[in-house]
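> Could you look at this predicted model? Sequence included:
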Amino acid sequence: MPFTLIEKEPLTPDTTRFRFRVNRPWFDGDLEKTMDGIIAQGAWSVDIKYHMVQTYRTYTPVVLSVSETVGEETESREGFVDFVIKRYPRGSLSRFLHDTRVGDQVEMRGPILTWPYHSAKYKHLYMIAGGT
């Protein structure tokens, strides 16, 4: 499904925050519950596709904000999703994303549950972040 880039904010010389518009259709049924369930269970991600070379990479959003109200015109819940992505000199997808412009559309699929989290199950939680 294509998502429109609505904002790009450089954070460092090689790292940018990308904000994509979310128009999440309102479903009465299992699909809506499944999507909400995946997001509520823990760390989740989406696959972002580079259509020119038919490849994708998995990225974890840093922010997801979706309205609980369904828009009358779009019949969807509107919001945004943010990703913070570092540009790597030989990274095909990171270069593709850094070259996109506000208004461009990018293919994504998900949400994908990457690590289930259960409250109070672990005494300590250590996380390491890095590229692919």
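Perfect, I can see it now. Source: prediction; values computed, not measured. Residues are numbered from 1 along each chain as shown.

> how deep is the closest residue to residue 67 other than its chain neighbours tucked in, by neighbour count?
Setting aside the residues directly before and after it, residue 67 is nearest to residue 77 in space (C-beta to C-beta, 6 or more residues apart in numbering), at 5.0 Å. For glycine as for every other residue, the C-beta is placed from the backbone atoms N, C-alpha and C. A count of neighbours around residue 77, defined by other C-beta atoms under 10 Å, yields 17.

> what pairs with residue 77 across the strands?
Beta-bridge partners recorded for residue 77 (DSSP bridges): residue 24, residue 70.

> residues in contact with the nearest residue to residue 104 once chain neighbours are set aside?
On the basis of C-beta to C-beta, 6+ apart, the spatially nearest residue to residue 104 that is not a chain neighbour turns out to be residue 5, at 5.2 Å. Residue 5 sits next to 18-20, 100-106 when contact means C-beta atoms under 8 Å, 6 or more residues apart in numbering.

> change it to 7 Å
In this structure, residue 5 makes contact with 18, 20, 100, 102-104, 106, judged by C-beta atoms under 7 Å, 6 or more residues apart in numbering.

> Partner strands of the helix or strand encompassing it and their direction?
Element membership of residue 5, judged by DSSP states H and E, is strand 2-12. Paired with strand 2-12 in the same sheet, following DSSP bridges, are strand 15-25 (antiparallel), strand 105-116 (antiparallel).

> Tell me which helix or strand comes right after the least confident helix or strand in the chain by mean pLDDT.
For the chain, counting by mean pLDDT, DSSP states H and E, helix 30-41 ranks last in confidence among helices and strands (a mean of 63). Downstream of helix 30-41, the first helix or strand assigned by DSSP H and E is strand 42-50.
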